[in-house]
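Student: Could you look at this predicted model? Sequence included:
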Amino acid sequence: MIGNSLSKEFDPIKAPATQGIEDPAKQEAPLCALAKGGAVHDREGRQDSVGHILTFQTVEKIIYGRGSLSQLSCEAARLGRKALLVTGMSSLKRLGVLDKVIRPLQGKGVDVVLFNKVEAEPSLRTVELGIEEARRHQCDLVISIGGGSAIDVGKVVAGLVRAPGNVREYFLGKREIVEKGLPFIAIPTTAGTGAEVTMNSVLTDPEGLVKQSIRSPFLLADVALVDPELTLTMPPHITAYSGMDALTQAIEGFTSKGSGPVTDALALKAVELIGRNLLRAYEAPGDIEAREALSTGSLMAGMAFASARLGAVHGLAHPVGVRYHKPHGLVCAVLLPYVMRFNLPVVARKYAEVAAALGAGEAAEAGIRYIERLLDRLGIPRKLGEFGLVENDIDAIARDALPSGSTKANPRDVTYDDLVAILKENL
Ligand SMILES: [Fe+2]
């Protein structure tokens, strides 16, 4: 289920936005998709998607597995002649991007313009700078290599470089992307956000203390290139946070109101791959088999939730993260057991499948306890209060989280009072 909405968060329950687009030919691809989703849960947590129309959409080409970075130069040469290479400063140094990426590209006749200014929690201004750079050098291709931030920035730079208006107008939902921009190749170096296969870009407006998405199917990458060898140098705490983000996305994608058989298959396998290998990669960073499982699991979780959407963990994670400047994956990790306990009455059957996929047994509750033990082993706090949450902020956080598309996709309907209760448990 997709919509052509660029606004904050697409509501999977309502019909897709159709206003403001005049050319019917341009409407057809994204807008003929329904978006009435998906799963209905009975009291025992059985799910019934019969009679509901679902749409599954993902990137055109996914290349994954050890050593797959070697395919980049061929793919790039197929798509363009001058690439804006979007990355962060630390990735540039850590990965030796010059040797691994730029020289092979040049060897295939692809010129490279380096844009290495992406920060954590990227701002609208960073995207504007990237667009200016791509226009000045007349780039015809964008390649992102890095974590979710670098991929999200490259995604919007590619999407908007030929579009009218400014980034803020798209961020605020005043304009919509109505056609594909430049070709885009996404190469994650964490496992991960799944950003390489999603159609949204999470950006921050520091002026308004707002963190939300620009969302459009036109932002889907042309190629996602997922090489687990790029994740070998991730520090343990980044492995833990990004891995818990991926696990949360797999579980929320598996149980969301927009889930269905296609996304379920991807999401449940992702739970297994991530849940059984995260501690291994955290404790032995050079374990390539564990890294490969995490990269593939993160990719599959991203494919699932891009169509199925997420849940209340992600609804809360953005307003919490933007207030306390904590990594997204860390915030998701802390919230996950609380939201799972809240959801348990309506998705017991599916949580039993999660428990089995984790290797934790057959009982739904056992999967939640497994995750709590995993957090302890990863050195992740069990309450948001340990890194800043105070009672005075709870009202504002709950109000910010309530209208989020992720909150609306949560399998159990969520009220303001429910969010307040979850946050109070976290003090
Ligand atoms: Fe996430």
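Tutor: Arrived safely.
Student: Distance from the chain centre to stretch 73-83, please.
Tutor: A distance of 25 Å separates the centroid of the chain from that of stretch 73-83, by Cα atoms, centre = their mean, to the nearest Å.
Student: Keeping just the C-alphas, turn that stretch into CSV.
Tutor: Presented in CSV, the C-alpha positions along stretch 73-83 are these (Å, rounded to 0.1, in the frame of the first residue of the first chain):
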residue,chain,number,x,y,z
SER,A,73,31.0,0.5,-11.2
CYS,A,74,29.0,-1.6,-13.8
GLU,A,75,25.7,-0.5,-12.4
ALA,A,76,26.8,3.1,-12.2
ALA,A,77,28.1,3.1,-15.8
ARG,A,78,24.7,1.8,-16.9
LEU,A,79,22.8,4.6,-15.2
GLY,A,80,25.0,7.7,-15.6
ARG,A,81,28.3,9.5,-16.5
LYS,A,82,28.7,11.9,-13.6
ALA,A,83,27.8,10.8,-10.1
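Student: Which of the three states applies to the spatially closest residue to His314 that is not a sequence neighbour?
Tutor: Residue nearest to His314 in three dimensions, not counting chain neighbours: Ser406, with 3.8 Å by Cβ to Cβ, 6 or more residues apart in numbering. (C-beta placed from N, C-alpha, C; glycine too.) Put simply, Ser406 is helix when judged by DSSP: H, G, I helix; E, B strand; the rest coil.
Student: for Ser406, what are its contacts?
Tutor: By Cβ atoms under 8 Å, 6 or more residues apart in numbering, the contact set of Ser406 is Glu9, Glu252, Arg309, Leu310, Gly311, Ala312, Val313, His314, Gly315.
Student: Quick check: buried residues in the host helix or strand of the last one?
Tutor: Gly315 is located in helix 312-324, with elements delineated by DSSP states H and E. Judged by neighbour count using 16 or more other Cβ atoms under 10 Å, the buried positions of helix 312-324 are 312-324.
Student: now the contacts of Ser406 as JSON lines including pLDDT and distance to Glu121?
Tutor: Below are those laid out as JSON lines (pLDDT from 0 to 100; distance: Cβ to Cβ, whole Å):
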{"residue": "Glu9", "pLDDT": "37", "distance to Glu121": "17"}
{"residue": "Glu252", "pLDDT": "98", "distance to Glu121": "21"}
{"residue": "Arg309", "pLDDT": "96", "distance to Glu121": "22"}
{"residue": "Leu310", "pLDDT": "97", "distance to Glu121": "18"}
{"residue": "Gly311", "pLDDT": "98", "distance to Glu121": "22"}
{"residue": "Ala312", "pLDDT": "98", "distance to Glu121": "21"}
{"residue": "Val313", "pLDDT": "98", "distance to Glu121": "18"}
{"residue": "His314", "pLDDT": "97", "distance to Glu121": "15"}
{"residue": "Gly315", "pLDDT": "97", "distance to Glu121": "18"}
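Student: Kindly indicate which of these lies nearest Glu169.
Tutor: Using Cβ to Cβ, Glu9 comes nearest to Glu169 of the contacts of Ser406, at 17.2 Å.
Student: so where do the helices sit in the stretch 1-150 of the chain?
Tutor: 24-31, 72-79, 89-95, 97, 103-107, 124-136, 148-160 (DSSP state H, counting those that start in this stretch).
Student: and the second one, which residues are buried?
Tutor: Neighbour-count burial for helix 72-79, counted by 16+ other Cβ under 10 Å, picks out Leu72, Ser73, Glu75, Ala76, Ala77, Leu79.
Student: picking that back up, let me have the buried residues of helix 312-324 in a markdown table, extended by distance to Gly302.
Tutor: Formatted as a markdown table, the buried residues of helix 312-324 follow (distance: Cβ to Cβ, whole Å):
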| residue | distance to Gly302 |
| --- | --- |
| Ala312 | 19 |
| Val313 | 16 |
| His314 | 13 |
| Gly315 | 18 |
| Leu316 | 20 |
| Ala317 | 16 |
| His318 | 17 |
| Pro319 | 22 |
| Val320 | 22 |
| Gly321 | 19 |
| Val322 | 22 |
| Arg323 | 26 |
| Tyr324 | 25 |
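Student: Out of the residues you listed, which comes closest to Thr204?
Tutor: Thr204 has its nearest neighbour among these in Val322, at 6.4 Å by Cβ to Cβ.
Student: tell me the secondary structure for the residue lying closest to the closest one once chain neighbours are set aside?
Tutor: Excluding the flanking residues, the one nearest Val322 by Cβ to Cβ, 6+ apart is Lys211, at 4.3 Å. With three-state DSSP as the basis, Lys211 sits in strand.
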